[in-house]
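J.: When you get a sec, could you give me coordinates for this:
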Amino acid sequence: MCLKSLFPGQAMNRIQEKEIFVMRKMYLLIGSVALGVGLVIGVVGHALATTPADGNPRLAFWNKDSQSTTGAIGGMLNDSTSGSALSPNNPDNGLNPFGSGGLTPQAGMDGLHPYSPEEEVLDPAELEPGKATNNVPEDLAQAILTDYKLNVATLFEAWKSPDMTAFRAKLAEAYTGELLEKHARQAEPFIAQGVGMEVSSIRFDELKVDSAASTSATLTAVYSYVAQDYDIGNQMTLGESTKHQVKVRANLVKKDTRWLITGETLLEP
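T.: Alright, predicted model coming up:
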C-alpha cells in the first residue's frame, strides 16, 4: 500500500514539470518576437530621424525614380548673347527675384533636370521655305534670344508653384504644345508633395540663333545654374546646392508677340 500511494504524487510532479516546460517555451517565443519587433522599430526610427550621408533632406528622396530639381531665379537679363548672367538682386530684371539658393535636388532628386534628350525637335528645314537662314536680322535674333532667356527663368520660377494649376499657368508663359505637358507630368509628383526647387546664378555662356523665320526659330544655348531642393509649404531651401551645366538645342514658335519653346534636345557638352 505504501508503494502504491507514491504513484499519484509522481504523476502530479511530471504534469507540473511539463506545464513549467511549456510555459518557459512560450515565454521564450514571446520574448523573441518582442525583441524582433523592437529591432525593426528601432531601425525604422533611426532611418527617419537621421540625415543621409550625402546631406540631402528626406524630401529629396521621394519619387527618386524621377530626376532632380532645385534653384532660385536670379535676375537681370543681359542683352549680350554671350557670357550674360542673371543677377538675383537686380530690380530691373523684369522678373520676380527669388532668394539665392540652389533643382536637385542635387543629390536627392538627383538629376531632375527639366530637359530630356527625347523632346520634340523641329528640323530647321521645316521653317518657312526660302526664309530660313543663318543670316538672321539682328533685331529678330535679339527678340528670340531675349524671350528664350525669359522662358528659362520662367521654367525655374514655376518649380516654386504651390500647386499644379499654378505650375501650368506659369509654364504656359514660356512653353507650348506637348513639351509643356511633358514638363507638367515631370513636375507633378514633386509639386504634389510640396517639393520644388530654387535656382540661382543662371549664366549663359553661349546663346545663338541657328536659323529663324517670321514665326519659327532654332537656337543653341549653353548655360549653367545652381539648384537646391525647395520646401514649398515652408518657403525654404533644403539640403546642399549643386551646380548644373546645360547644352541644349531649342525650337521656338511665335505666338502673338512672344517666342515660346516647343522643342528641346540635350546636346553633348
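
J.: what is the mean pLDDT for the one helix or strand residue 205 maps to?
T.: Element membership for residue 205, per DSSP states H and E: strand 195-212. Taken as a whole, strand 195-212 has a mean pLDDT of 95.

J.: helix or strand right after the least confident helix or strand in the chain by mean pLDDT?
T.: Ranking every helix and strand in the chain by mean pLDDT, DSSP states H and E puts strand 84-85 at the bottom, with a mean of 37. Once strand 84-85 ends, the next helix or strand along the chain (criterion: DSSP H and E) is helix 138-158.

J.: Return the set of buried residues in that following helix.
T.: Buried residues in helix 138-158, counting neighbours by 16 or more other Cβ atoms under 10 Å, are found at 141, 143-158. Quick note: C-beta positions are derived from backbone N, CA and C, even for glycine.

J.: Could you tell me the angle between the direction of that helix and that of strand 195-212?
T.: Here helix 138-158 points in a direction 170 degrees away from that of strand 195-212 (axes from the mean of the first three to the mean of the last three Cα atoms, to 10 degrees).

J.: Pull out the buried residues from the helix or strand just after helix 138-158.
T.: The helix or strand immediately downstream of helix 138-158 is helix 164-171, counting by DSSP H and E. Within helix 164-171, the residues that count as buried by 16+ other Cβ under 10 Å are 167-168, 170-171.

J.: Remind me what the next helix or strand along the chain from helix 164-171 packs against, helices and strands.
T.: Sequence order places helix 178-191 as the next helix or strand after helix 164-171, per DSSP H and E. Packing partners of helix 178-191 (3 or more Cβ pairs under 8 Å, 6 or more residues apart in numbering; DSSP states H and E): helix 164-171, strand 258-266.

J.: Kindly recompute the last result at 6 Å.
T.: Helix 178-191 sits against helix 164-171, with contacts defined as 3 or more Cβ pairs under 6 Å, 6 or more residues apart in numbering; DSSP states H and E.

J.: what packs against the helix it packs on?
T.: Under the contact criterion of 3+ Cβ pairs under 6 Å, 6+ apart, helix 164-171 touches helix 138-158, helix 178-191.

J.: Tell me which of those sits nearest to residue 34.
T.: Ranking the helices and strands packed on helix 164-171 by proximity to residue 34 (Cβ to Cβ) places helix 178-191 first, at 38.2 Å.

J.: one step back: buried residues in the strand holding residue 205?
T.: 195-204, 207, 209, 211-212.

J.: State the distance from the spatially closest residue to residue 173 that is not a sequence neighbour to residue 172.
T.: In space, and not counting its chain neighbours, residue 173 is closest to residue 154: 5.2 Å by Cβ to Cβ, 6 or more residues apart in numbering. According to Cβ to Cβ, to the nearest Å, residue 154 and residue 172 sit 9 Å apart.

J.: now swap in residue 207 and tell me
T.: Distance, residue 207 to residue 172, using Cβ to Cβ: 23 Å.

J.: can you check residue 159 too?
T.: Separation of residue 159 from residue 172 (Cβ to Cβ) stands at 15 Å.

J.: more crowded one of the two?
T.: residue 159 (29 against 14; other Cβ atoms under 10 Å).

J.: now residue 171: how far from residue 232?
T.: According to Cβ to Cβ, residue 171 stands 16 Å off from residue 232.
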